[in-house]
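>>> the following comprises the amino acid sequence and a computationally predicted model.
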Amino acid sequence: MTISKKQCAPTISKCVSDLAPSGIRKFFDLVATMEGAISLGVGEPDYATPWHIREAAIYSIEKGYTMYTSNSGMPELREEIARYLSDRYRVNYEPAGEILITVGVSEALDLAMRSILNPGDAVIMADPCYVSYPACVCLAGGQPIRVPTRVENGFELRAEDIEPFITDNTRAILLGYPANPTGAMMSRSNLIKIAELALRHNLMVVSDEIYARLVYGVDEVCFSALPGLKENTLLLGGFSKAYAMTGWRLGYAAGNCSVISALTKVHQYTMLCAPIMAQKAAIEALKFGEPDIQEMLSDYNRRRLLMVKGFNKIGLACFEPKGAFYTFPSIKKTGLTSEEFAEKLLKEEKVVVVPGTAFGQCGEGHIRCCYATAMSEIEEALSRIKRFLDKHS
């Protein structure tokens with residue numbers, strides 16, 4: 001019997017078919033083939049992981065630590081995370097039962113959505129927001145509900161803006177601060193109002209705090225450390241940004257034991273465990289990595305101020321981000337869409353930026369620029385962008 005190609009065509013999930021490719025990776029892939037390009041695109045620290053952290057992983061391999069760990073992760077690492085959260089934020093988690101080691105915060109987010117959502121459940125989030133937020137909700141059968149944020153309010157997701165979007169189907173509020181792509185911070189007073197809102201409507205808050213240590217001139221606020229919020233909060237954290245450990249793919253989730261148990265159940269069938277070498281490195285990072293964070297933070301701050309001042313000087317209005325390592329300047333004056341601006345800038349001046357629309361419709365008229373790159377590269381990029389603006393004014 002002859003089988004036609006049409007009959008052999010694989011069936012793809014409609015959810016996956018409808019899912020747009022990441023707007024970040026599109027430009028990352030383009031720059032990989034372009035000689036002389038400067039990338040302000042991907043949120044990748046230009047630091048190598050500090051040597052003593054790398055050395056801990058190398059030593060672990062030399063000693064034969066190449067096996068599986070428990071699904072939850074190494075007990076020593078969970079103990080160090082519990083100690084860290086207690087010492088820094090005064091929020092206490094039991095290492096056994098309330099902390100799960102994951103393959104980056106990305107896996108933690110995926111596990112969270114698959115564990116807490118039933119089909120049709122809604123999750124409220126900011127617009128613009130990190131590209132994975134709506135995608136993970138959709139892949140778990142949920143509905144992402146985007147709440148517009150504005151530059152006039154520093155792109156802060158406010159409690160009064162959230163409340164009108166709450167319905168009987170709302171299951172959770174997903175926060176990410178300091179925010180990717182805007183660098184926005186959440187004030188303590190606003191977080192308390194969101195906490196009150198969540199408790200009043202019996203909503204879970206999933207708080208992605210991967211950039212928590214990268215803040216400038218403002219206080220860090222851990223959401224689960226707010227009074228009465230620990231039981232309603234799933235805290236997500238990791239090592240990629242503060243310790244320059246992006247490729248190690250290591251994160252964690254902390255929450256009440258029933259929620260962590262649910263995440264662990266999905267984790268054990270899909271990922272099993274995080275690599276033991278990365279876990280060994282993370283123990284070293286938590287114990288001895290604070291000076292490294294302070295050194296990188298000081299350097300990022302200098303780059304942040306240079307980029308903000310540079311954009312404003314060349315005529316692209318840019319509010320001052322208070323966290324992470326991104327700026328989100330406006331390009332509305334050019335008359336180009338965010339996508340047009342990014343594509344033309346790459347083609348004509350070999351500078352990679354990410355269109356604001358990659359992060360939601362409220363990102364239109366903006367571009368995301370990462371300052372986790374060398375000062376000389378930032379200066380050259382700003383010079384090229386000015387030349388581009390002069391050409392298209």
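Cool, got the structure. All figures in this text were calculated on a predicted structure; none of them were measured in a lab.
>>> what's next to the helix of greatest length in the chain, contact-wise?
Scanning the chain for the longest helix, with DSSP state H as the assignment, gives helix 290-313. With contacts defined as CB atoms under 8 Å, 6 or more residues apart in numbering, helix 290-313 is touched by 45, 47, 50, 53, 183, 213-214, 216, 242-244, 285, 317-321, 325, 327, 329, 369, 371-373, 375, 378-379, 382. Every residue, glycine included, has its C-beta placed from N, CA and C.
>>> which positions in it come out as buried?
292-293, 296, 299-301, 303-304, 307-308, 310-311 (16 or more other CB atoms under 10 Å).
>>> distance from it to the middle of the chain?
On the basis of CA atoms, centre = their mean, to the nearest Å, helix 290-313 sits 18 Å off its chain's mean C-alpha point.
>>> next: stretch 164-174.
That offset, for stretch 164-174, works out to 21 Å (CA atoms, centre = their mean).
>>> all helices of the stretch 251-393 of the chain, in order?
257-270, 276-288, 290-313, 338-349, 375-392 (DSSP state H, counting those that start in this stretch).
>>> ok, now the stretch 101-250 of the chain?
104-116, 132-139, 159-162, 188-200.
>>> if we can go back for a sec, show the average pLDDT along the longest helix of the chain.
For helix 290-313, mean pLDDT is 98.
>>> what is the orientation angle of that helix with helix 276-288?
Angle, helix 290-313 to helix 276-288, by axes from the mean of the first three to the mean of the last three CA atoms, to 10 degrees: 90 degrees.
>>> next, the angle from helix 290-313 to helix 375-392.
20 degrees.
>>> please save the CA atoms from helix 290-313 in PDB.
Listed next in PDB are the C-alpha coordinates belonging to helix 290-313 (Å, rounded to 0.1, in the frame of the first residue of the first chain):
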ATOM      1  CA  GLU A 290      28.800  37.700  48.100                       C
ATOM      2  CA  PRO A 291      31.900  39.700  47.200                       C
ATOM      3  CA  ASP A 292      31.400  38.600  43.500                       C
ATOM      4  CA  ILE A 293      27.800  39.900  43.500                       C
ATOM      5  CA  GLN A 294      28.900  43.200  45.000                       C
ATOM      6  CA  GLU A 295      31.700  43.600  42.400                       C
ATOM      7  CA  MET A 296      29.400  42.800  39.400                       C
ATOM      8  CA  LEU A 297      26.600  45.000  40.800                       C
ATOM      9  CA  SER A 298      28.900  48.000  41.100                       C
ATOM     10  CA  ASP A 299      29.900  47.500  37.500                       C
ATOM     11  CA  TYR A 300      26.400  47.000  36.200                       C
ATOM     12  CA  ASN A 301      25.400  50.300  38.000                       C
ATOM     13  CA  ARG A 302      28.000  52.200  36.000                       C
ATOM     14  CA  ARG A 303      26.800  50.700  32.800                       C
ATOM     15  CA  ARG A 304      23.200  51.400  33.700                       C
ATOM     16  CA  LEU A 305      23.900  55.100  34.200                       C
ATOM     17  CA  LEU A 306      25.900  55.300  31.000                       C
ATOM     18  CA  MET A 307      23.200  53.700  28.900                       C
ATOM     19  CA  VAL A 308      20.300  55.800  30.400                       C
ATOM     20  CA  LYS A 309      22.200  59.000  30.100                       C
ATOM     21  CA  GLY A 310      23.300  58.000  26.500                       C
ATOM     22  CA  PHE A 311      19.800  57.300  25.300                       C
ATOM     23  CA  ASN A 312      18.400  60.500  26.700                       C
ATOM     24  CA  LYS A 313      21.200  62.500  25.200                       C
END
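>>> what average pLDDT does stretch 87-98 get?
Per-residue scores along stretch 87-98 average to 97.
>>> what's in contact with it?
The contact list for stretch 87-98 (CB under 8 Å, 6+ apart) reads 72, 75, 78-79, 81-82, 85-86, 99, 220, 222, 224-225, 230, 235, 254-257, 260-261.
>>> are any of those residues buried, and which?
Buried among the contacts of stretch 87-98 (16+ other CB under 10 Å): 72, 78-79, 81-82, 85, 99, 220, 222, 224-225, 230, 235, 254-256, 260.
>>> from those residues, which ones fall inside strands?
Residues of the buried ones among the contacts of stretch 87-98 located in strands (DSSP state E): 99, 235, 254.
>>> hmm, back to that, and the buried residues of helix 290-313, which is closest to Arg387?
Nearest to Arg387 among the buried residues of helix 290-313: Gly310, at 13.2 Å, using CB to CB.
>>> domain ranges for this structure, per the record?
12-49+291-392, 51-289 (automatic domain parsing).
>>> distance from the last one to the middle of the chain?
Translated: domain 51-289. Offset of domain 51-289 from its chain centre (CA atoms, centre = their mean): 9 Å.
>>> repeat that for the shortest one.
In terms of CA atoms, centre = their mean, the centre of domain 12-49+291-392 is found 15 Å from the chain centre.
>>> now do it: distance from first to last residue.
43 Å (CA to CA, to the nearest Å).
>>> now do the last one
With CA to CA as the measure, the first residue of domain 51-289 is 10 Å from its last.
>>> coming back round to it: of the contacts of helix 290-313, which belong to strands?
In this view, those that belong to strands under DSSP E are 327, 369.
>>> just the buried residues of the contacts of helix 290-313.
45, 47, 50, 53, 183, 213-214, 216, 242-244, 285, 318-319, 321, 325, 327, 329, 369, 371-373, 378, 382.
>>> isn't Cys129 right up against Arg146?
Yes: using CB atoms under 8 Å, Cys129 is in contact with Arg146, at 7.3 Å.
>>> quick one, which of these two is more surrounded?
Between Cys129 and Arg146, counting by other CB atoms under 10 Å, Cys129 is the more crowded of the two (27 against 19).
>>> ok, now how distant is that one from Thr149?
As judged by CB to CB, to the nearest Å, Cys129 and Thr149 stand 9 Å apart.
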